[in-house]
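Chemist: got a sequence here, can you build the structure:
(chains A and B)
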Number of protein chains: 2
Amino acid sequence: MASCTTSRRVPATKRSDQMDFADWMSAVQKRTEAALEQRLPAAALAPVKLHEAMRYASLGGGKRIRPLLCHAAGEAFGASPALIDFPACAVEMIHAYSLVHDDLPCMDNDILRRGKPTCHVEFDEATALLVGDALQSLAFQVLADAPTTSERRVEMLSVLAPAAGSRGMAGGQAIDLAAIGKPLSLEELEFMHVHKTGALIRASVLLGAGCGSADAGAITQLIPFANRVGLLFQVVDDILDAESTTATLGKTAGKDAQQNKPTYVSILGIRKAREKAVELRSEAHAAIESFGDKAIRLHQLTDYIVERKF
Amino acid sequence: MASCTTSRRVPATKRSDQMDFADWMSAVQKRTEAALEQRLPAAALAPVKLHEAMRYASLGGGKRIRPLLCHAAGEAFGASPALIDFPACAVEMIHAYSLVHDDLPCMDNDILRRGKPTCHVEFDEATALLVGDALQSLAFQVLADAPTTSERRVEMLSVLAPAAGSRGMAGGQAIDLAAIGKPLSLEELEFMHVHKTGALIRASVLLGAGCGSADAGAITQLIPFANRVGLLFQVVDDILDAESTTATLGKTAGKDAQQNKPTYVSILGIRKAREKAVELRSEAHAAIESFGDKAIRLHQLTDYIVERKF
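Modeler: Next up, the predicted model:
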């Protein structure tokens, strides 16, 4: 992608709001790993194989884009990182479960994920099915346990459940399945991604912001930001799938074309797909411009999503 | 099974607490069907195939044992049926999703459920996978929407999530998978069923009672009741699987023996399995004896679970 400045500040001390972006990202990824580790059932606990497989599917990999969005949005509104860990884990568990189910033979039938064999290859199909099911239950349990008011916990559950369900992520998967081998217009492709990837990315931003002082007005501004970031993420994913190697991606490259799946690249061509990414990035930045410096991590994360290599 | 009185009162008027048990059961089944119908996304809504399949898997069949337990426990503690409908739908959606996933080729590979082709046979495997995923999300959404205090909604979510997850129903399925073809002791078999069937049945009783005035003491009494009913349900299921025809059951009969699955019948023999059912019924009745007449539906439902023919 076109290069751009990923950090807007010169790092001084290591206070969270003054850290270099790369350090901040690494710190959030580490705390997310620890928070997931703590909330997943111990591998020694019965049923052992299921718990091992849940940990295999959730720990030790992934960019943690959704937890990063949760923390970036939460920090912008003064939320405590310890509270943000709860929705950050919940969205990552939903994401991890969706990857496990998506990789199953009856769906994408993939064997490589995050540089490792997929869950059903490492364990077996039945276990992978149950891993996804149990990770989804656990995501809701984690939100119900968040150390905040009951009102806020219910609000968070009311954001996550529809984002995961048939009018959100699971619905997006269904639209994706129905689209294989069919010509889609750009509008239809966007409709699919607004559900498949967009719903959970939007939920990540809103759940993070909701941990802090974001009022209805701020949420109204965050929704178009999150929608742009969701599409941006997908456009870049399609470009990477078309241009990268399997080794770089840690998942099977060139899969979309192989499976005859409509993508931004197949519909727009690579040049226009890149232009689309630049345009979406500008719109995302503009949507949160009025928040000023407090939204710096959201700005930086948007840039990172464009510039990532895997 | 041994015969017993299923109704303890002579019906007078048709007020809910004076109805004949069969009428009460039929009324709860009807209101559950209507409540599910209302909460499931319309079939015309995109993605159409997924919504059609979610409705196919949830509507128009099933004994609705879990909603019946929810209403029976709720009525015992003066809860409004309109409020009980929320957890009743939630537990039935979790149950329906578990059947859809359980019937998949990588699990039990079954083709008949509730007298109809299973979801993956009627639609396809990928759709059935997503149906289960989306029904689970919807169950939590329904609880988050219940018209009661946020505290109570969070409490309900904190009961349902672990009952569905890796230490509840999904964990029970994993133990079940691991047990196929292996000799199990009676204790191991019970451990499996306490998770696989018991967790959601226990949750149904507790969620119903929690809609009303049940205090901590009442809940403490309800837990052993619910545990007995959960095991009782399974013992009777095993007897019916061994003794009934596919036409009567509406699902494949004799499946346990075919799949070399340990059951109460395979471990105890049919006579001792029946004795076990009688014993569990007595213990269940005894656990709630002190509630008096207000628990009549729980008593009657326990009897129904023993005497059912499918």
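Chemist: and the closest residue to residue A:155 other than its chain neighbours, what does it touch?
Modeler: Of all residues not flanking residue A:155 in the chain, residue A:210 sits nearest, at 6.2 Å (Cβ to Cβ, 6 or more residues apart in numbering or on different chains). Where C-beta positions appear, they are placed from N, C-alpha and C, glycine not excepted. Each residue near residue A:210 by Cβ atoms under 8 Å, 6 or more residues apart in numbering or on different chains is listed here: A:87, A:152, A:155-156, A:159, A:219.
Chemist: with residue A:167 instead?
Modeler: A:195, A:199, B:41, B:45.
Chemist: ok, the last one - how many residues close by?
Modeler: In other words, residue B:45. Applying other Cβ atoms under 10 Å in any protein chain shown, we find 14 residues neighbouring residue B:45.
Chemist: mind telling me what element the closest residue to it other than its chain neighbours is part of?
Modeler: Counting by Cβ to Cβ, 6+ apart, residue B:51 is the residue found nearest to residue B:45 once chain neighbours are left out, at 5.5 Å. Here residue B:51, judged by DSSP states H and E, is contained in helix B:48-58.
Chemist: which secondary structure elements does that helix sit against?
Modeler: Packing contacts for helix B:48-58, counted by 3 or more Cβ pairs under 8 Å, 6 or more residues apart in numbering or on different chains; DSSP states H and E, involve helix A:169-179, helix B:81-102, helix B:119-122, helix B:125-144.
Chemist: what's in contact with the third one?
Modeler: Taking Cβ under 8 Å, 6+ apart as the criterion, the residues outside helix B:119-122 that touch it are B:53, B:56-57, B:100, B:103-105, B:111, B:113, B:116, B:127-128, B:131.
Chemist: quick one, phi/psi of residue A:166?
Modeler: The phi and psi values for residue A:166, taken as degrees, to the nearest 10, are phi -70, psi -20.
Chemist: go ahead and confirm it touches residue B:48.
Modeler: No: look at residue A:166 against residue B:48 with Cβ atoms under 8 Å: they stay out of range, at 10.7 Å.
Chemist: in chain A, which helix is the longest?
Modeler: Ranked by residue count, the top helix of chain A under DSSP state H comes out as helix A:216-243.
Chemist: give me the number of residues near the closest residue to residue A:164 other than its chain neighbours?
Modeler: Nearest residue to residue A:164 in three dimensions, chain neighbours excluded: residue B:137, at 4.2 Å (Cβ to Cβ, 6+ apart). Number of residues near residue B:137 (other Cβ under 10 Å) recorded here: 27.
Chemist: before we move on, back to that, drop anything exposed from the contacts of residue A:167.
Modeler: Neighbour counting with 16 or more other Cβ atoms under 10 Å in any protein chain shown marks A:195, A:199, B:41 as buried within the contacts of residue A:167.
Chemist: quick one: which of those residues is nearest residue A:287?
Modeler: Comparing the buried ones among the contacts of residue A:167 against residue A:287 with Cβ to Cβ places residue A:199 closest, at 17.6 Å.
Chemist: name the nearest residue to the closest one, sequence neighbours excluded.
Modeler: residue A:168 (3.5 Å).
Chemist: isn't that neighbour up against residue A:194?
Modeler: No: Residue A:168 sits out of contact with residue A:194 when judged by Cβ under 8 Å, with a separation of 9.4 Å.
Chemist: neighbours of residue A:104, how many?
Modeler: Neighbour tally, residue A:104, other Cβ under 10 Å: 22.
Chemist: pLDDT wise, what is it at?
Modeler: Residue A:104 is assigned 97 on the pLDDT scale.
Chemist: swap in the one 5 residues further on?
Modeler: What the model reports as pLDDT for residue A:109 is 93.
Chemist: quick one, phi psi at the residue nearest to it when sequence neighbours are not counted?
Modeler: The shortest distance from residue A:109 to any non-neighbouring residue, by Cβ to Cβ, 6+ apart, is to residue A:103 (7.5 Å). Dihedral angles of residue A:103 (phi, psi; degrees, to the nearest 10) stand at phi -80, psi -10.
Chemist: need the contact list for residue A:103.
Modeler: Contact analysis of residue A:103 by Cβ under 8 Å, 6+ apart lists A:109-111, A:113, A:118-120, A:128.
Chemist: buried members of the residues you listed into ChimeraX, please.
Modeler: Only the buried entries of those go into this ChimeraX selection, using 16+ other Cβ under 10 Å:
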select /A:110,113,118,119,120,128
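Chemist: roughly how far does the residue nearest to residue A:109 sit from residue A:65?
Modeler: 18 Å (Cβ to Cβ, to the nearest Å).
Chemist: next: residue A:298.
Modeler: 12 Å.
Chemist: neighbour count winner among those two?
Modeler: residue A:298 (26 against 21).
Chemist: circling back: mind checking which of the buried ones among the contacts of residue A:167 land in helices?
Modeler: Judged by DSSP H, the buried ones among the contacts of residue A:167 include residue A:199 as members of helices.
Chemist: could I get the buried ones among the contacts of residue A:167 as CSV with distance to residue A:253 and pLDDT?
Modeler: Shown next, in CSV, are the buried ones among the contacts of residue A:167 (distance: Cβ to Cβ, whole Å; pLDDT from 0 to 100):
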residue, distance to residue A:253, pLDDT
A:195, 24, 94
A:199, 25, 97
B:41, 35, 98
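Chemist: doesn't residue A:91 make contact with residue A:35?
Modeler: No: counting by Cβ under 8 Å, residue A:35 sits too far from residue A:91 to count as a contact (11.8 Å).
Chemist: quick check: which element contains the most centrally placed residue in chain A?
Modeler: The centroid of chain A falls nearest to residue A:66 when counting by Cα atoms, centre = their mean (3.6 Å). In the assignment (DSSP H and E), residue A:66 maps to helix A:65-76.
Chemist: show me where pLDDT drops low in chain A?
Modeler: A:1-18, A:247, A:249 (pLDDT under 70).
Chemist: residues in contact with the residue nearest to residue B:45?
Modeler: Counted by Cβ under 8 Å, 6+ apart, residue B:51 has contacts A:166, B:40-45.
Chemist: go with 7 Å
Modeler: Neighbour list for residue B:51: A:166, B:41-43, B:45 [criterion: Cβ atoms under 7 Å, 6 or more residues apart in numbering or on different chains].
Chemist: how near is residue A:61 to chain B?
Modeler: 20 Å (Cβ to the nearest Cβ, to the nearest Å).
Chemist: likewise for residue A:263?
Modeler: For residue A:263, the distance to chain B equals 19 Å [Cβ to the nearest Cβ].
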